[in-house]
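A.B. asks: no sequence for this one, just the structure:
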């Protein structure tokens, strides 16, 4: 997905928010805003939001000298999610079907500090997403491909959401490779966050080698790109991965909660929707 | 009031919104956003938001070649307000006290396309503001000064809101000079909008000679500045005037609905508050 004009105010808002999470002082905030304005000015059309987001968040981290501004928030989100993890497992014991597990994982996508610093109560969200109709539902196609897959390549999104992904992964009949960011950006999960969620107990955790808040293949490590390109079936979580993988081929499925008006317009369903969508081939 | 860091995303949002009201095409939108980013980069600390807003909105008007992007929206707002004007007069006949008239005028401040392109139903807002406690209430001080004033200098804000101001002005015991913008910016009232609201029937309408969405004295005409400086009592409506006149002296009163988190922080009351506040002297 290309960057829309309406993403520009949002990059500024995210930079300010990240700077505050990093406890920057007023002078640092001013430096950051001026640098981010320069970054935005230098962008050419056609790049995806996570490509710009990667630079914007790097500007903040470097200006404030903090490696992971969202570390505390990510810890808190993972703890909150682990608190309801036994209840998520309870739901899975009751239903043990793929759709319920997918819904649980999508519920976790409510934790998204790129969109807003506050998010709905996790258990309330689970109850909503368990019953909400899919606005785009390619679950049948995913299920068919899963039945033939030797392994699932699962591209994670945010810390805390990782716990919901774990509940899904533990219900799957195939081995799973769980992909995290190479280094911190926003509240996206890194290896450390995945370990905090216990994902090492059910999946092989690998890094994509990049600090973009999505999967920008040109910014990922060569090792990751090779694995990505040979993967038979890929499940990618959240808006950042939709923004970068929505046309990555029919073996890629994006699942997310639509939380911003730009994604809503691009994907063609209202804000608040839940989606599991088969990606298209690049035209 | 100085421009806060959080105003920057808002300038971009306003530029995009204004460009859309002016029916700009995609290429114009891109030109506008790049120019506005350059404008924001060039700003030094300490200027007020309306000083930057004036340049931002000028960039949009010039790029699209439209003199008044908000013309239709302003017409619609004035018509909506004129539709409930008889009911506003009805309230005044029932109560005929200054506080009710002030509350009616403040209710009209809900029409603010700088904050959001949608605003609450006007009549619902009137009913809310008639009963809502003031978060800052310098009405007593205003009333005292009004009793001694030979004339009230009334600095208007938005089109449509003008009709609510008319209801207030028609209840006042002193002659009124009503100040409008020199040329269009945002949905701020110009002479044309004031005439559409019938303000010529109860006040002397004068222009401030500027296109800033507030009262930036250095950008106003010399003629206006002279009148402003000799005015004994000034009532200034809305956020833009608060941003530029909150320290213009104790003979200036700002009245507004607090509609954005930055103003809320600066003035020290929650978003959604209603306020009549005596300005301070410049320190």
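C.D. replies: Nice, I can see it. Computed from a prediction, not measured in an experiment: that's the story for all the values here. Numbers count the residues shown, from 1 in each chain, chains lettered A, B, ... in the order given.
A.B. asks: What is the subsequent helix or strand relative to whichever helix in chain A runs longest?
C.D. replies: The longest helix of chain A (DSSP state H) is helix A:71-95. For helix A:71-95, the following helix or strand on the C-terminal side (DSSP states H and E) is helix A:98-107.
A.B. asks: how deep is the closest residue in space to residue A:39 that isn't next to it in sequence tucked in, by neighbour count?
C.D. replies: In this structure, residue A:39 finds its nearest non-sequential neighbour in residue A:55, 5.2 Å apart by Cβ to Cβ, 6 or more residues apart in numbering or on different chains. Glycine gets a C-beta too; all of them are placed from N, C-alpha and C. Residues lying near residue A:55 (other Cβ atoms under 10 Å in any protein chain shown) number 18.
A.B. asks: So what does residue A:55 have for phi and psi?
C.D. replies: Dihedral angles of residue A:55 (phi, psi; degrees, to the nearest 10) stand at phi -70, psi -40.
A.B. asks: Kindly state the domain boundaries assigned to chain A.
C.D. replies: A:7-64, A:72-278 (automatic domain parsing).
A.B. asks: Format these as JSON lines; extra columns: mean pLDDT.
C.D. replies: Listed next are the domains of chain A as JSON lines, based on pLDDT from 0 to 100:
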{"stretch": "domain A:7-64", "mean pLDDT": "95"}
{"stretch": "domain A:72-278", "mean pLDDT": "97"}
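A.B. asks: For residue B:218, which of the ones you listed is the nearest?
C.D. replies: domain A:7-64 (23.1 Å; Cβ to Cβ).
A.B. asks: which residue sits closest to residue A:273, ignoring its sequence neighbours?
C.D. replies: residue A:135 (3.5 Å).
A.B. asks: So which residues on the stretch 1-150 of chain A come close to chain B?
C.D. replies: A:5-6, A:8-10, A:12-13, A:16, A:29-30, A:33-34, A:37-38, A:40-41, A:45 (Cβ under 8 Å from any Cβ of the partner chain).
A.B. asks: which of the residues you listed are buried?
C.D. replies: A:5-6, A:8-10, A:12-13, A:16, A:29, A:33-34, A:37, A:40 (16 or more other Cβ atoms under 10 Å in any protein chain shown).
A.B. asks: Looking at those residues, which are in strands?
C.D. replies: Judged by DSSP state E, these include no members of strands.
A.B. asks: taking those residues as a set, which two sit the farthest apart in space?
C.D. replies: A:5 and A:29 (24.3 Å).
A.B. asks: What are the buried residues along stretch A:263-283?
C.D. replies: Those would be A:263, A:264, A:266, A:267, A:269, A:273, A:274, A:275, A:276, A:277, A:278, A:279, for stretch A:263-283 by 16+ other Cβ under 10 Å.
A.B. asks: same deal with stretch A:138-158?
C.D. replies: For stretch A:138-158, by 16+ other Cβ under 10 Å, it's A:138-139, A:142, A:145-146, A:149, A:152-158.
A.B. asks: Just the buried residues of stretch A:263-283: which are in helices?
C.D. replies: Filtering those for helices - DSSP H - leaves A:263, A:264, A:266, A:267.
A.B. asks: is it possible to export those to CSV including distance to chain B?
C.D. replies: Shown next, in CSV, are those (distance: Cβ to the nearest Cβ, whole Å):
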residue, distance to chain B
A:263, 17
A:264, 16
A:266, 15
A:267, 20
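A.B. asks: from the buried residues of stretch A:263-283, which two are the most distant?
C.D. replies: Those two in the buried residues of stretch A:263-283 that are separated most widely, counting by Cβ to Cβ, are A:264 and A:278, at 18.7 Å.
A.B. asks: ok, now which ones touch the closest residue to chain B within the stretch 101-250 of chain A?
C.D. replies: Closest approach between the stretch 101-250 of chain A and chain B, counting by Cβ to the nearest Cβ: residue A:117, at 12.2 Å. By Cβ atoms under 8 Å, 6 or more residues apart in numbering or on different chains, the contact list for residue A:117 reads residue A:17.
A.B. asks: Any idea how many residues pack against residue A:66?
C.D. replies: Count around residue A:66 with other Cβ under 10 Å applied: 18.
A.B. asks: Stretch A:18-36: end-to-end distance?
C.D. replies: 12 Å (Cα to Cα, to the nearest Å).
A.B. asks: Apologies, that question was intended for stretch A:58-69.
C.D. replies: 11 Å.
A.B. asks: cool, and stretch A:266-282?
C.D. replies: Span of stretch A:266-282 from end to end, Cα to Cα: 16 Å.
A.B. asks: ok, now stretch A:115-127?
C.D. replies: Note: stretch A:115-127 ends 21 Å apart using Cα to Cα.
A.B. asks: Stretch A:259-279 now?
C.D. replies: Stretch A:259-279: ends 19 Å apart by Cα to Cα.
A.B. asks: three-state assignment of the closest residue to residue A:200 other than its chain neighbours?
C.D. replies: Once flanking residues are discounted, residue A:200 sits nearest to residue A:194: 7.1 Å by Cβ to Cβ, 6+ apart. For residue A:194, the assignment made with DSSP: H, G, I helix; E, B strand; the rest coil gives helix.
A.B. asks: Can you get me a residue count around residue A:194?
C.D. replies: Neighbour tally, residue A:194, other Cβ under 10 Å: 26.
A.B. asks: Check whether it really touches residue A:201, as I assumed.
C.D. replies: No. Taking Cβ atoms under 8 Å as the definition, residue A:194 is not a contact partner of residue A:201, at 10.6 Å.
A.B. asks: got any residues that touch both of those two?
C.D. replies: With Cβ under 8 Å, 6+ apart, residue A:194 and residue A:201 have no common neighbours.
A.B. asks: Now render the domains of chain A as a markdown table, adding distance to residue B:256.
C.D. replies: Below are those laid out as a markdown table (distance: least, Cβ to Cβ, whole Å):
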| stretch | distance to residue B:256 |
| --- | --- |
| domain A:7-64 | 23 |
| domain A:72-278 | 26 |
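A.B. asks: so which of these gets nearest residue B:232?
C.D. replies: domain A:7-64 (38.6 Å).
A.B. asks: and the end-to-end length of that closest one?
C.D. replies: End to end - Cα to Cα - domain A:7-64 spans 23 Å.
A.B. asks: With stretch A:114-128 instead?
C.D. replies: So stretch A:114-128: terminal residues 21 Å apart, Cα to Cα.
A.B. asks: starting at the chain centroid, how far to that stretch?
C.D. replies: On the basis of Cα atoms, centre = their mean, to the nearest Å, stretch A:114-128 sits 14 Å off its chain's mean C-alpha point.
A.B. asks: For whichever helix or strand residue A:256 is part of, which strands pair with it and how are they oriented?
C.D. replies: Using DSSP H and E, residue A:256 sits within strand A:252-257. Strand A:252-257 sits in its sheet next to strand A:234-237 (parallel), strand A:274-278 (antiparallel), going by DSSP bridges.
A.B. asks: thinking again about what came up before, got a list of what the residue nearest to residue A:200 touches?
C.D. replies: Contacts of residue A:194 by Cβ under 8 Å, 6+ apart are A:156, A:162, A:178, A:180, A:200, A:205.
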